[in-house]
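1. Sharing a model that was predicted from the sequence below.
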Amino acid sequence: MTVRVIGIDPGSRITGFGLLEVDRGRLRYIDSGCIRTGKGSLPERLAVIYRGVDELIGEHAPEVLAIEDVFVARNPASALKLGQARGVAIAAGVAHGLVVHEYAARRVKQAVVGTGRATKEQIQHMVRVILKLPGTPAPDAADALAIAICHVNTSTLR
């Protein structure tokens, strides 16, 4: 059985995405990158995120959306913006009928690097090694791929 997973690392300015395919327990890299929202108002940036995730789902037809869970931030305004970015990404997935799974950042780091205190550089390195990528993905794209890998490793897909 082949299943496609889209991982999302939400952000109000940069939202990372990573697409993987799982076939008979084997991971295959499909695509990754960043949705950059520009300098518009928050509602305009949220619309860019929604449309970007919507287009990716339409193009790649994943069955599952894995997304980073809310974390407690020092700045409440930043946490609210992040929550709204998560919300529009989730809404895009649900509008396509995807099953949504949420993972805490520590759990993602533990699943990919082996420690919940992994750095961005360690995540980038391990994602590159696990997926046998020719180059190192951008930090937000690597985080999104790590979220997708975490889902695959903690679900029944493997």
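-> In hand now; what should we look at?

2. So, low pLDDT: which residues of this protein?
-> 72-73, 157-158 (pLDDT under 70).

3. The chain: helices as residue ranges?
-> Along the chain, counting by DSSP state H, helices occupy 42-60, 76-95, 105-112, 120-131, 139-154.

4. Report the angle between the second one and helix 42-60.
-> Looking back up the chat, that one is helix 76-95. Angle of helix 76-95 versus helix 42-60, following axes from the mean of the first three to the mean of the last three CA atoms, to 10 degrees, is 30 degrees.

5. picking up where we left off before, okay, the helices of the chain, which one's buried deepest?
-> helix 139-154 (a mean of 26; mean count of other CB atoms under 10 Å). Using the backbone N, CA and C atoms, a C-beta is placed for each residue, glycine as well.

6. can you put the helices of the chain in TSV and add distance to residue 16?
-> TSV is the format used below for the helices of the chain (distance: least, CB to CB, whole Å):
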stretch	distance to residue 16
helix 42-60	11
helix 76-95	10
helix 105-112	12
helix 120-131	11
helix 139-154	3
